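> return atomic coordinates for the entry below.
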Amino acid sequence: MKRKGQAAMEFLMTYGWAILAAIIVIGVLAIYFRPSTLVTESAIVAAPFYAVASTVEFNAIQLEIQNNGGETLDVISVAVTDCTTLGDDTTHIDTSVPASEKISDGVTTPNVLDFACTIATGATHSGDITITYKRPNSALELTSTGTISGKA
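Sure, this is the predicted structure:
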């Protein structure tokens with residue numbers, strides 16, 4: 001009698017492992033063929049700046065940056081690439097950052113940086129951020145780069 005119970009248990013365990021393996025394979029295939037559902041909104045900018053917050057919407061990209069450089073920096077321009085602006089695939093230089101706006105150490109940009117872009121609703125967007133700036137008492141223009149991604 002004990003032998004029959006052991007055989008039944010071994011039979012069920014074998015099928016249990018097979019079913020578990022099938023569920024794992026189905027899960028991996030679902031992630032592989034639908035990666036757009038795993039996109040989160042994120043923005044990363046290299047030092048001396050820090051991306052505080054960002055949003056990607058169907059008609060705009062918004063970005064807030066903070067100066068973590070230890071000194072007041074003159075921001076010349078902020079640009080986002082891979083953004084369709086008015087039907088052109090060009091870099092859009094944000095007009096809310098006037099030429100040579102000073103941002104003190106530890107301070108976030110006074111305005112949210114708006115980039116007018118056309119992104120299809122539900123589509124994912126990934127672009128490059130380029131911040132051109134000058135250090136105090138310097139004529140040399142420096143750049144800080146980063147990325148922004150999200151789902152509209």
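
> can you pull out the helices in this structure?
Using DSSP state H, the helices of the chain run over 2-33.

> so what touches stretch 48-57?
41-45, 61-70, 73, 108, 119, 125, 129, 131, 144, 146, 148-152 (Cβ atoms under 8 Å, 6 or more residues apart in numbering). Bear in mind the C-beta positions are built from the backbone N, C-alpha and C, glycine included.

> repeat for stretch 133-141
69, 71-76, 100, 132, 142-144.

> mean confidence for that stretch?
Per-residue pLDDT over stretch 133-141 has a mean of 87.

> do stretch 10-18 as well
87.

> next one: stretch 29-43
74.

> how is this protein partitioned into domains?
2-33, 39-151 (automatic domain parsing).

> which of the contacts of stretch 48-57 count as buried?
43, 45, 61, 63-67, 69, 73, 119, 125, 129, 131, 144, 146, 148-152 (16 or more other Cβ atoms under 10 Å).

> out of those, which sit inside strands?
43, 45, 61, 63-67, 73, 125, 129, 131, 144, 146, 148-151 (DSSP state E).

> quick revisit: lowest average pLDDT across the domains of the chain?
domain 39-151 (a mean of 74).

> what is the burial count for residue 34?
9 (other Cβ atoms under 10 Å).

> which ones are touching it?
No contacts exist for residue 34 under Cβ under 8 Å, 6+ apart.

> any figure for the gap between it and residue 140?
46 Å (Cβ to Cβ, to the nearest Å).

> residue 67 now?
17 Å.

> list the contacts for residue 5?
No residues are in contact with residue 5 under the rule Cβ under 8 Å, 6+ apart.

> quick one: residue 128 from residue 44, how far?
Counting by Cβ to Cβ - residue 128 and residue 44 are separated by 11 Å.

> overlap in contacts, those two.
146-148.

> closest one of the residues you listed to residue 13?
residue 147 (47.5 Å; Cβ to Cβ).

> residue 146 touches residue 46, doesn't it?
Yes - under the criterion of Cβ atoms under 8 Å, residue 146 makes contact with residue 46 at 5.8 Å.

> before we move on, the earlier item: so of the domains of the chain, which one's packed in deepest?
Here the criterion is mean neighbour count by mean count of other Cβ atoms under 10 Å, and of those the winner is domain 39-151, at a mean of 16.
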